[in-house]
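S.K.: Quick one, fold the following:
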Amino acid sequence: MKDNLFYKKGLNFSCKRCSFCCGHSPGFVYLSHRDLMALCTFFHLSIKEFVETKCRWADYYYGAKVLALTEKKNFDCGLWENGCSAYEARPIQCSTYPFWSWMLEDKQTWDDCAKDCPGMNSGRLWSFEEIEKNKKAYDDNIPLKKEEVEELIRLEENKIN
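M.R.: Residues are numbered from 1 along each chain as shown. Reported below is the predicted structural model:
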């Protein structure tokens, strides 16, 4: 199957810092366990404080509620402040963009997405291996369900008391 992949010789991408992927339209930045812990550490906040101030619950598959970052009224990411305020600890979803599995389905989908992202199809050539590594990281980054977050908060509070 990998012989049929349109990106087997790599793809060009260099972020132009336009911020289009960080806002402008409704969307979700889902947070995995790794993402949540990295962001809590970065902002020096407890899990409960981070969730209460920087997160929201998003509907997900099969009726699940999962953790996501807040959005501003203009649809910008809640962490966007003339740049990502948590760039060094940004979620996997953000750091793997644009090498998301659904964007790599076929050349047509990639080129359609590139109409909104000036960094796609320009700049640095990413190797097939680099693309596949990012794609796998994106696919493996499972959002935390509400029950899982509530349990993490309980465990954290029990540690403190």
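S.K.: residue nearest the centroid of this protein?
M.R.: For the chain, Gln93 is the residue whose C-alpha lies nearest the centre (Cα atoms, centre = their mean; 1.9 Å).
S.K.: And the closest residue to Ile92 other than its chain neighbours, what's its pLDDT?
M.R.: Using Cβ to Cβ, 6 or more residues apart in numbering and skipping the chain neighbours, the partner closest in space to Ile92 is Asn141 (4.1 Å). In short, each C-beta sits where N, CA and C put it, glycine included. At Asn141 the predicted local confidence, pLDDT, stands at 94.
S.K.: I'd like to know how many residues surround Leu144.
M.R.: Leu144: 23 surrounding residues under other Cβ atoms under 10 Å.
S.K.: I figured it hits Leu31, correct?
M.R.: Yes - under the criterion of Cβ atoms under 8 Å, Leu144 makes contact with Leu31 at 6.0 Å.
S.K.: Find residues that contact each of those two.
M.R.: Among the neighbours of Leu144, those also in contact with Leu31 (Cβ atoms under 8 Å, 6 or more residues apart in numbering) are Val66, Leu67.
S.K.: and Tyr138, how many residues sit next to it?
M.R.: Using other Cβ under 10 Å, Tyr138 has 20 neighbouring residues.
S.K.: That one contacts Gln93, doesn't it?
M.R.: Yes - checked against Cβ under 8 Å, the pair Tyr138 and Gln93 is within contact range at 6.7 Å.
S.K.: Quickly list what's touching both of those two.
M.R.: Both Tyr138 and Gln93 are contacted by Trp100, under the criterion Cβ under 8 Å, 6+ apart.
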